[in-house]
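Enquirer: Generate a structure from the sequence data that follows.
(4 chains)
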Number of protein chains: 2
Amino acid sequence: MTTDASTVLIIEDETPVRRFLRTSLTAHGFRLLEAETGREGLTLAASHNPDLVLLDLGLPDGDGVDWLGQLREWSRVPVIVISARGREDDKVIALDAGADDYLTKPFGVGELLARIRVALRHAKGLEAPSDVRIDLPGLSIDLPRREVEVDGHEVRLTPIEFKILVLLARNAGKVLTHRQILAEVWGPSHAGLHHNVRVHVALLRKKIELDPTHPRRLMTETGVGYRLRDREPD
Amino acid sequence: MTTDASTVLIIEDETPVRRFLRTSLTAHGFRLLEAETGREGLTLAASHNPDLVLLDLGLPDGDGVDWLGQLREWSRVPVIVISARGREDDKVIALDAGADDYLTKPFGVGELLARIRVALRHAKGLEAPSDVRIDLPGLSIDLPRREVEVDGHEVRLTPIEFKILVLLARNAGKVLTHRQILAEVWGPSHAGLHHNVRVHVALLRKKIELDPTHPRRLMTETGVGYRLRDREPD
DNA sequence: ATCGAACTTGACGACTTCTTGATACGCGAT
DNA sequence: ATCGCGTATCAAGAAGTCGTCAAGTTCGAT
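Expert: This next block holds a predicted model:
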């Protein structure tokens, strides 16, 4: 297997910076995709599935962290944030939003390349099921579009319902405990929200089950958690 | 299973820096290991298997990059290098030697913690998929799916039954005492629950034995406890 | 300010799982 | 045989879990 050139998506509005990055990266054998806005960047990310994203925070169409958040809803591609903002808070926010690294302008090409190598090294280990969509019997999810189809027709899900469904679908067949669902959907600091999971699962079932009183997809494992079937029952 | 505190190994010779890190990290719920030399650090890493390593480059017994190289020969634990050297070359060398991140002193605690979170996030993905299933003659258990198959057909187990079976299966062939089963399944504070083990073993047998009155898998060791056969009897 | 969608919270019945105690069984020692 | 010990079985009730509804809250859009 030849080690194909990795594709890097640059999301950066300032033309000189972009040109500089383009020159440096192509010279080192990377294939490039370029976007000037967050929206454009997300679209490219969805369509071309790059191996790495370089994201500038100061974009014309909104804060880069917000775009990062959106990207992270469906993609685990390594993201290195490049920013003129050097404040510690900026870094913490971006890193917690899902960035894998944070470089403050100005930076050296050597360091950038080294950090790209680190990020790619990580990604290789993950061998992420680069999932733009998830397909299960009678159920398909388009992550970037946030669209869910059940038996052919589309279904509208609220943010929480969508998160729960994606989490279960990504682990289709496995049982996810209440604790896991809480942690992933509501974040690390969850107090007495146990009950919430049940309520939202019930709402979700109303939308994805033909007969919510007799679920055939989203099964409950009493005393443990929930499981989304990855194959038809016998 | 509670999400245990992560253990961080600090390899740093300067006492004040170490103390500073110790205070910051323990305050945020990390367990700590500390070493003043590279050799000591490697030993600790080998014996305690930390979740993350903070490595200073200026160590008394040789360059930190060399120690990093040695560590990388057998471990993939995330390593964040902390160094006073801010030169680009230093960063590139350390990152290419296997470091996952590089922080230049002085740095803020917030950024350090954020970068630790990033590193731990990465590590979680590539944890060794150890023992996802247990196979014994006529009996197979899929842990993440929580599925149990007996002679081909699936069997539904309650949480306690599942716990007991997994415990016995993990120690197939060995005898587990009542006390051990109680401790593992019901937790440390178990009073007069001795009888419970019997009841639940009986229930379990109904589900995994063809003839529960003459067990062929889940054997009673009178006066001691129970044992799950790891091979067919002759 | 008003409205609506989404989320949270509490209450209740239905259901599953667990515990408990009574009783029966098997087997070796007397 | 009979006793005693550890074990197995059963059924009833206790405890816990789940699904559902309805009322309340938050938040952004109008």
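
Enquirer: Report the buried residues of stretch A:37-48.
Expert: For stretch A:37-48, the buried set under the neighbour-count rule, 16 or more other CB atoms under 10 Å in any protein chain shown, comprises A:37, A:38, A:39, A:40, A:41, A:42, A:44, A:45, A:46. From N, CA and C alone the C-beta is placed, and that goes for glycine too.

Enquirer: Next: stretch A:217-234.
Expert: Neighbour counts over stretch A:217-234 (16+ other CB under 10 Å) mark A:217, A:218, A:221, A:224, A:225, A:226, A:227, A:228, A:229, A:230 as buried.

Enquirer: coming back round to it: so which of the buried residues of stretch A:37-48 belong to helices?
Expert: Counting by DSSP state H, the part of the buried residues of stretch A:37-48 found in helices is A:38, A:39, A:40, A:41, A:42, A:44, A:45, A:46.

Enquirer: sorry, back to before: in strands, which of the buried residues of stretch A:217-234 fall?
Expert: In strands, defined here by DSSP state E, the members of those are A:218, A:221, A:225, A:226, A:227, A:228.

Enquirer: ok, so of those residues, who is nearest residue A:110?
Expert: Closest approach between these and residue A:110, by CB to CB: residue A:228, at 45.8 Å.

Enquirer: Could you list which residues are in contact with the closest residue to that closest one other than its chain neighbours?
Expert: Leaving aside its sequence neighbours, residue A:228 sits nearest to residue A:168 (CB to CB, 6 or more residues apart in numbering or on different chains; 3.9 Å). Neighbouring residues of residue A:168 by CB atoms under 8 Å, 6 or more residues apart in numbering or on different chains: A:176, A:218, A:226, A:227, A:228.

Enquirer: For residue A:168, give its distance to chain B.
Expert: Residue A:168 sits 13 Å away from chain B, taking CB to the nearest CB, to the nearest Å as the criterion.

Enquirer: could you say which helix or strand contains that residue?
Expert: Residue A:168 belongs to helix A:159-170 when elements are defined using DSSP states H and E.

Enquirer: do you know how far residue A:137 is from DNA strand C?
Expert: Distance, residue A:137 to DNA strand C, by CB to the nearest atom of the strand, to the nearest Å: 25 Å.

Enquirer: which non-adjacent residue is nearest that residue?
Expert: Leaving aside its chain neighbours, residue A:137 sits nearest to residue A:232 (5.5 Å; criterion: CB to CB, 6+ apart).

Enquirer: At which residues are the helices of chain A located?
Expert: Assigned by DSSP H, the helices in chain A fall at A:15-27, A:38-48, A:64-72, A:88-96, A:109-126, A:159-170, A:178-186, A:194-208.

Enquirer: Can you name the residues in contact with the lowest-mean-pLDDT helix or strand in chain A?
Expert: Using mean pLDDT, DSSP states H and E, the weakest-scoring helix or strand in chain A turns out to be strand A:62-63, at a mean of 86. The contact list for strand A:62-63 (CB under 8 Å, 6+ apart) reads A:38, A:57.

Enquirer: Pull up the pairing partners for that strand, direction included.
Expert: The strands beside strand A:62-63 in its sheet (DSSP bridges) come out as strand A:58-59 (antiparallel).

Enquirer: circling back to that earlier point, quick one: closest of the helices of chain A to DNA strand D.
Expert: Among the helices of chain A, the nearest to DNA strand D by CB to the nearest atom of the strand is helix A:194-208 (3.9 Å).

Enquirer: which residue does chain A bring closest to DNA strand C?
Expert: Closest point on chain A to DNA strand C, by CB to the nearest atom of the strand, is residue A:158, at 2.8 Å.

Enquirer: what's that residue in contact with, if anything?
Expert: Contacts for residue A:158 were tallied using CB under 8 Å, 6+ apart; they are residue A:203.

Enquirer: What's the per-residue pLDDT of it here?
Expert: If you check residue A:158, the pLDDT there is 97.

Enquirer: re earlier: for the contacts of residue A:168, which one is nearest residue B:89?
Expert: Distance to residue B:89, by CB to CB, is smallest for residue A:176 among those, at 45.9 Å.

Enquirer: does the closest one really touch residue A:220, like I thought?
Expert: No: with contact defined as CB atoms under 8 Å, residue A:176 does not reach residue A:220; the gap is 11.1 Å.

Enquirer: okay, and the common contacts of these two?
Expert: Shared contacts of residue A:176 and residue A:220 (CB under 8 Å, 6+ apart): A:226, A:227.

Enquirer: Count the residues that sit near residue A:11.
Expert: Neighbour count of residue A:11, defined by other CB atoms under 10 Å in any protein chain shown: 30.

Enquirer: for residue A:206, same thing?
Expert: Neighbour count for residue A:206, taken as other CB under 10 Å: 11.

Enquirer: That one contacts residue A:212, correct?
Expert: Yes: Residue A:206 lies in contact with residue A:212 (CB under 8 Å); the separation is 5.1 Å.

Enquirer: which parts of chain A sit against chain B?
Expert: A:88-89, A:91-92, A:95-96, A:99-101, A:108, A:110-111, A:113-115, A:117-118, A:122, A:125-126, A:128, A:171, A:173-175, A:183, A:221-224, A:227 (CB under 8 Å from any CB of the partner chain).

Enquirer: Now list the buried members of the residues you listed.
Expert: Applying 16+ other CB under 10 Å to the residues of chain A next to chain B flags A:91-92, A:95, A:99-101, A:111, A:113-115, A:118, A:122, A:171, A:174-175, A:183, A:221, A:224, A:227 as buried.

Enquirer: Thanks again, I'm all set now.
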